[in-house]
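A.B. asks: below are the sequence and a predicted model; questions follow.
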Amino acid sequence: HIVDKLKQYRFPVVVKLHPSMKGKSQQIKAWEEQGIRVIKGYVSIHDVLCKTRVAIVDNSTAGIECMMHQVPIISYGFPEYHWATKQLQSLTQLEDLIYDLKWHDADYAWKFINWYINDYLCTDIDNTVKRLKQLI
């Protein structure tokens, strides 16, 4: 529904497929026939994000990469990084969110991704043990 709504607006829409979309060739063909660029196969998300104005994600870990590239994120799921996104509750919000990015707090998103990577994630055995001791 989001892709159908986006095609009404005045900018290019690119869909980077999740691996679970494999086998959904009818949907992909319909999008392509409507002029929507669909990225299939292996293309690094980093090659896409450097050209992205705003990303819309569900619960994808691609949101982490979005923050690394300082791309504003609209989330319609509830990802673990939802604090650094604007949550889409209804399609009626979409137009305002994609045209006016004032809601995006780049400084907060940058601080969040730094905390997430450096303090939250387990990066090696020593940090994992340290983190577990903090939690237990």
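C.D. replies: It's in. Residues are numbered from 1 along each chain as shown.
A.B. asks: which parts of the chain are helices?
C.D. replies: 2-6, 25-33, 45-49, 62-68, 94-99, 106-115, 125-135 (DSSP state H).
A.B. asks: pick the most buried one from those helices.
C.D. replies: Burial of the helices of the chain is given as mean neighbour count (mean count of other Cβ atoms under 10 Å); helix 62-68 ranks first at a mean of 21. For the C-beta atoms, the positions are set from N, CA and C on the backbone; glycine is no exception.
A.B. asks: run through this structure and note the low-pLDDT ranges.
C.D. replies: Scanning the chain with the threshold set as pLDDT under 70 gives 22-23.
A.B. asks: picking that back up, nearest to Ile56 among the helices of the chain would be which one?
C.D. replies: helix 2-6 (6.0 Å; Cβ to Cβ).
A.B. asks: can you show me the CA trace of the closest one as CSV?
C.D. replies: Backbone C-alpha positions of helix 2-6 (Å, rounded to 0.1, in the frame of the first residue of the first chain) are rendered in CSV as follows:
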residue,chain,number,x,y,z
ILE,A,2,2.9,2.4,0.8
VAL,A,3,4.4,1.8,-2.7
ASP,A,4,1.1,2.4,-4.3
LYS,A,5,0.7,5.7,-2.4
LEU,A,6,4.3,6.8,-3.1
